[in-house]
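Novice: Turn this into a model:
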Amino acid sequence: MSVAKITEIQSSSSTSFDDAMTAGIARADKTLKNVTGAWIKDQKLVIEQGKIVEYRVLMKVTFVLND
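Specialist: Just a heads-up that it's a prediction; the model follows:
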């Protein structure tokens, strides 16, 4: 039997939501061991002078705890 933990992280990108998700998972994988999945809880755009300047995602990352 395994036990998993879920942590919430936010990441951003000036390019796209997809890039923000990819960057967030890559960073989480450096710190957390056994990352097995993620759920996108929220997405947000930062707008300045009518233009999108940043894409942000809030995600819940699941990782399995070591025995």
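Novice: three-state assignment of the residue sitting nearest the centre point of the chain?
Specialist: The centre of the chain sits closest to residue 24, judged by C-alpha atoms, centre = their mean, with a distance of 4.0 Å. With DSSP: H, G, I helix; E, B strand; the rest coil as the basis, residue 24 sits in helix.
Novice: With the one 3 residues further on instead?
Specialist: On the three-state scheme (three-state DSSP), residue 27 is labelled helix.
Novice: burial measure for it, as a count.
Specialist: Other residues near residue 27 come to 13 when the count uses other C-beta atoms under 10 Å. Heads up, the C-betas are built off the backbone N, CA and C, glycines and all.
Novice: now residue 58
Specialist: 16.
Novice: what comes up buried for the helix or strand hosting it?
Specialist: Here residue 58, judged by DSSP states H and E, is contained in strand 51-64. Buried residues in strand 51-64, counted by 16 or more other C-beta atoms under 10 Å: 55, 56, 57, 58, 59, 61, 63.
Novice: my guess is the fourth one meets residue 8, correct?
Specialist: Yes: with contacts defined as C-beta atoms under 8 Å, residue 58 counts as touching residue 8 at a distance of 6.7 Å.
Novice: which neighbours do these two share?
Specialist: Common contacts of residue 58 and residue 8, defined by C-beta atoms under 8 Å, 6 or more residues apart in numbering, comprise residue 41.
Novice: tell me what the strand holding residue 58 is packed against?
Specialist: strand 4-13, helix 17-31, strand 35-48 (3 or more C-beta pairs under 8 Å, 6 or more residues apart in numbering; DSSP states H and E).
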